[in-house]
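Trainee: Just the structure for this:
(one chain, ligands or ions: 1)
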Amino acid sequence: MEVSNKYIVVKHHIQDAPEECDFEIKTGALKLSVDSGSNDIIVKNLYISIDPYQINRMKSHSPSQTAINFAAPITPGQAIDALVIGKVVYSGNAKFEKDDLVMGVFSWAEYSLINEENIIKKLDPSSQFPLTYHIGVLGFNGLSAYAGFFEVCKPQKGEKVFVSAACGSVGSLVGQYAKLLGCYVVGCAGTQDKVTLLKDKLGFDDAFNYKEEKDLTSTLKRYFPNGIDIYFDNVGGEMLEAAVENMNEFGRVSVCGVISEYTDSEKRSSPNMLNVVYKRINIRGFLAADYMNVFQEFIDKTSEYLRSGRLNVIEDVSSGVESIPSAFVGLFTGNNVGKKIVKVAEEP
Ligand SMILES: NC(=O)c1ccc[n+]([C@@H]2O[C@H](COP(=O)([O-])OP(=O)(O)OC[C@H]3O[C@@H](n4cnc5c(N)ncnc54)[C@H](OP(=O)(O)O)[C@@H]3O)[C@@H](O)[C@H]2O)c1
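Mentor: Residues are numbered from 1 along each chain as shown. Purely as a prediction, here's the structure:
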């Protein structure tokens, strides 16, 4: 049997903010079987993770592209690999059977032709958690929040924590982990609705809309009159500079991402380094993949928080492979609320 398989490509390299017209939907014929002797597997994609780091793969050059396999450059016109949850529809590999649920590095597509190395894990269909959690709160986004906060910042109960892009996939979890530890937590986001959600649903002590603020240094002084102990940075740029101005002695800055700099090749954060020296501030970048040693601890603790209802999960799901370009573009305009996912097909 043969199906027509829709998949998304970039038409050309993207240097600045992405637009929907930078993408194209292509269709290819795909045989739903593999030749005898081949170990290949065909997966029907169910949920696709939409992540900001992909923009750096779409550039002609970016320092990220040589850092880790995951971030390798994307060739215009070629299928785009991403974290996906899917169902095996045909397997030439004895380790996988038809109807197995799997999570791995597949494609921005309806179907993916893959091999065993692409599969990160099989998923248990009787799991108490929704499938989508495996590409969000119980996946690399969750690990980024957990390790970037606990391992990089070494937080103490009572410390004052600031989180940017706080209503996003990673930020919303960081703020909640910090509250669960007993920290004072303020988040920023780009709309009033997100600010309300942070305070009313996610339990942040306070939150503000950074787009309505003129002077971020005084804004942070207002929210942290006694200074910031920990800044979890998702955005870079002026917010990092303002946070450093407000850090306490021996403050820690966990640099998870610098999304404001991904789409503006001119923008660079230049924090006042005298503050860094004299306040002995530790500014530390990290990749979630560095922290696989705490993966099981992260899963155990996070699963327990989820089971006991102490951690809220916010997902933002759009439907159909055609919605991938707008879903992706929306990450850079703040359209998403929580973890952005595209649902490509109904669950079995
Ligand atoms: N180090 C790692 O291993 C790792 C792993 C995962 C993610 N990350 C990074 O962590 C950050 C958050 O990722 P995520 O997946 O959780 O995405 P996300 O926060 O769910 O979505 C991106 C959010 O960033 C904000 N944003 C977009 N453009 C901005 C700009 N120019 N200035 C300020 N804020 C902007 C928007 O929210 P607003 O409404 O607040 O503007 C948007 O909703 C990204 O920088 C990402 O690359 C790093």
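Trainee: Looking at the chain, which strand is longest?
Mentor: Determined from DSSP state E, the single longest strand within the chain is strand 81-91.
Trainee: Just to check, residue 113 is in contact with residue 29?
Mentor: No. Counting by C-beta atoms under 8 Å, no contact exists between residue 113 and residue 29, whose distance comes to 11.6 Å. (Glycine included, C-beta is placed from N, CA and C.)
Trainee: Show me which of these two is the more surrounded one.
Mentor: residue 113 (21 against 8; other C-beta atoms under 10 Å).
Trainee: need the contact list for the more buried one.
Mentor: Residues counted as contacts of residue 113 (C-beta atoms under 8 Å, 6 or more residues apart in numbering) are 30, 34, 40, 41, 42.
Trainee: Relative to the ligand, which of the residues you listed is nearest.
Mentor: In terms of C-beta to the nearest ligand atom, no member of these lies closer to the ligand than residue 41, at 26.4 Å.
Trainee: Any idea how many residues pack against the closest one?
Mentor: When counting by other C-beta under 10 Å, one arrives at 28 neighbours for residue 41.
Trainee: So it sits against residue 117, correct?
Mentor: No. Taking C-beta under 8 Å as the definition, residue 41 is not a contact partner of residue 117, at 10.5 Å.
Trainee: So which bits of the stretch 151-300 of the chain are right by the ligand?
Mentor: Taking C-beta under 6 Å from any ligand atom as the criterion, the neighbours of the ligand within the stretch 151-300 of the chain are 165, 167-171, 189-191, 194, 234-235, 256-257, 259-260, 286-288.
Trainee: Buried among those residues? Make that a PyMOL selection.
Mentor: Selection of the buried residues among these in PyMOL, burial being defined by 16 or more other C-beta atoms under 10 Å:
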select buried, resi 165+167+168+169+170+171+189+190+194+234+235+256+257+259+260+287+288
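Trainee: what's the distance between the most far-flung residue of the chain relative to its centre and the ligand?
Mentor: For the chain, the residue at maximal distance from the C-alpha centroid (C-alpha atoms, centre = their mean) is residue 36, at 38.2 Å. Note on residue 36: its distance to the ligand, by C-beta to the nearest ligand atom, to the nearest Å, is 40 Å.
Trainee: Please report the distance of that residue from residue 302.
Mentor: Separation of residue 36 from residue 302 (C-beta to C-beta, to the nearest Å) stands at 43 Å.
Trainee: cool, and residue 262?
Mentor: Distance check for residue 262 against residue 302: by C-beta to C-beta, it reads 27 Å.
Trainee: Can you pick out the residue with more neighbours from the two?
Mentor: Higher neighbour count among residue 262 and residue 302: residue 262, with 25 against 22, using other C-beta under 10 Å.
Trainee: Can you show me the helices along the stretch 51-200 of the chain?
Mentor: Using DSSP state H, counting those that start in this stretch, the helices of the stretch 51-200 of the chain run over 54-57, 140-146, 152-153, 169-181, 192-200.
Trainee: Would you mind listing the buried residues in the last one?
Mentor: Counting neighbours by 16+ other C-beta under 10 Å, one finds that the buried residues in helix 192-200 are 194, 195, 197, 198.
Trainee: Please report the confidence value the model assigns to the second one.
Mentor: Just to be clear, that refers to residue 195. The pLDDT attached to residue 195 in the predicted structure is 98.
Trainee: Can you give the domain ranges for the chain?
Mentor: The record's domain parsing of the chain by automatic domain parsing lists 2-136+314-343, 140-289.
Trainee: Name the stretch among these that sits most buried.
Mentor: Mean neighbour count (mean count of other C-beta atoms under 10 Å) peaks for domain 140-289 among those, with a mean of 20.
Trainee: First-to-last residue distance for that domain?
Mentor: Here the two ends of domain 140-289 are set 8 Å apart, with distance taken as C-alpha to C-alpha, to the nearest Å.
Trainee: Pretty sure residue 323 sits against residue 342.
Mentor: Yes. Between residue 323 and residue 342 a contact is recorded at 5.7 Å, counting by C-beta under 8 Å.
Trainee: Quick check: the gap between residue 332 and residue 262.
Mentor: Here residue 332 is placed at a distance of 7 Å from residue 262 (C-beta to C-beta).
Trainee: shared neighbours, the two?
Mentor: Each of 52, 55 lies in contact with both residue 332 and residue 262 under the rule C-beta under 8 Å, 6+ apart.
Trainee: Contacts only, for residue 204.
Mentor: Residues near residue 204 by C-beta under 8 Å, 6+ apart: 166, 175, 179, 185, 186, 187, 198.
Trainee: and if you look at residue 245?
Mentor: Remark: with contacts taken as C-beta under 8 Å, 6+ apart, residue 245 is in contact with 217, 220, 271, 272, 275.
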